[in-house]
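Visitor: What follows is a predicted protein model with its sequence.
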Amino acid sequence: MPQQRTGEAHGFTSSKLSVLRKHPIFADLEPDAFDQLCRYARHSTLKRGSTLFSKGDPGNSLYAVISGTVKMSISSPDGRNAILNIIEPGEIFGEMALLDGRARSADAIANSNCELFVIDRREFIPFVKSQPTLAMKFIELLCDRLRRTSDQVEQIILQDLPGRLASALLRLTEKHKLEPQGRTIAITQQEISEMVGMTRESINKQLRAWASRDWVRLEHGAIVVLNAEMIRELAEAGPGGDGD
């Protein structure tokens with residue numbers, strides 16, 4: 001009997017499988033290799049607020065977001081949180097612990113109701129070893145993650161609040177290549193305060209000052225960047241820039 005195609009075998013629609021096919025890591029896989037990858041993918045759903053994994057857990061799976069968002073964060077013993085990244089549809093995560101076999105370095109929490117593909121390490125590592133080009137792409141992905149982390153650390157250490165906030169807004173808009181006329185970032189002020197390491201009150205005050213100049217518009221659960229050039233100037237100005 002002919003082998004059933006992955007989408008048919010698992011009941012996945014082509015739109016869901018496109019999350020894997022369109023990702024730069026997997027886009028160039030040969031059809032047979034891609035079908036093999038999809039056979040490893042398990043479908044999972046999470047309700048908002050559910051914990052996918054916690055810091056210190058074994059790194060035994062790779063994840064791809066089909067819908068919804070996942071928050072990567074760390075917390076201190078006294079209850080303070082820092083958001084490292086918000087993973088959106090079309091992105092993958094969990095690759096670092098998956099590849100080195102060590103513990104998770106952060107918590108992964110569903111920021112909304114989510115659909116995910118989950119690929120187990122026991123199947124994925126042999127697959128990567130059989131695909132040298134794929135292994136190189138993961139090296140590039142890890143390098144990109146490291147560069148972005150270095151940039152975030154530099155911003156938190158060296159920039160003042162306006163610079164940090166401006167850098168974070170730019171990072172979030174450019175990450176998804178949002179058009180100038182529609183730079184809507186689906187993020188709360190509490191979440192962005194946890195990204196830049198400042199209080200929500202400070203973030204609200206700064207955003208309202210920018211809103212009065214028509215640089216941003218504040219919406220429920222979102223921030224719309226209206227003047228990306230001014231925000232970029234603030235991000236590049238360094239401490240002492242005119243952010244008030």
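Guide: Now that the structure is in, tell me what you want to look at. Computed from a predicted model, the values in this text were never measured in an experiment.
Visitor: Please, where are all the strands along this structure?
Guide: Assigned by DSSP state E, the chain shows strands spanning 41-46, 51-53, 61-67, 70-75, 81-87, 92-93, 107-110, 114-120, 183-185, 216-219, 222-225.
Visitor: Lowest mean pLDDT across those, which one is that?
Guide: Across those, the stretch with the lowest average pLDDT is strand 183-185; it has a mean of 84.
Visitor: Flag every buried residue along that strand.
Guide: By neighbour count with 16 or more other Cβ atoms under 10 Å, strand 183-185 contains the buried residues 183, 185. Backbone N, C-alpha and C define where each C-beta goes, glycine included.
Visitor: Please apply the same query to stretch 65-79.
Guide: Counting neighbours by 16+ other Cβ under 10 Å, stretch 65-79 gives 65-66, 68-73 as buried.
Visitor: Let's see it as PDB, backbone CA atoms only.
Guide: Coordinates of the C-alpha atoms in stretch 65-79 are reproduced here as PDB (Å, rounded to 0.1, in the frame of the first residue of the first chain):
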ATOM      1  CA  VAL A  65       3.500  27.800  17.400                       C
ATOM      2  CA  ILE A  66       0.500  27.400  15.100                       C
ATOM      3  CA  SER A  67      -1.700  30.000  16.800                       C
ATOM      4  CA  GLY A  68      -1.600  32.100  19.900                       C
ATOM      5  CA  THR A  69       1.500  33.300  21.700                       C
ATOM      6  CA  VAL A  70       3.900  31.800  24.300                       C
ATOM      7  CA  LYS A  71       5.700  33.900  26.800                       C
ATOM      8  CA  MET A  72       9.300  33.000  27.700                       C
ATOM      9  CA  SER A  73      10.200  34.400  31.200                       C
ATOM     10  CA  ILE A  74      12.200  34.000  34.300                       C
ATOM     11  CA  SER A  75      11.200  34.900  37.900                       C
ATOM     12  CA  SER A  76      12.900  35.800  41.100                       C
ATOM     13  CA  PRO A  77      12.200  34.300  44.500                       C
ATOM     14  CA  ASP A  78      10.400  37.500  45.600                       C
ATOM     15  CA  GLY A  79       8.000  37.200  42.700                       C
END
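Visitor: Give me the contacts around it.
Guide: 16, 19, 46, 48, 52, 55, 63, 81-93, 106-117, 186, 191, 194 (Cβ atoms under 8 Å, 6 or more residues apart in numbering).
Visitor: Of the buried residues of stretch 65-79, just say which sits nearest to Ile139.
Guide: Met72 (20.4 Å; Cβ to Cβ).
Visitor: distance of that closest one from Ile203?
Guide: Distance of Met72 to Ile203, given as Cβ to Cβ, to the nearest Å: 19 Å.
Visitor: what do you get for Val19?
Guide: Taking Cβ to Cβ as the criterion, Val19 is separated from Ile203 by 32 Å.
Visitor: All good on my end, thank you.
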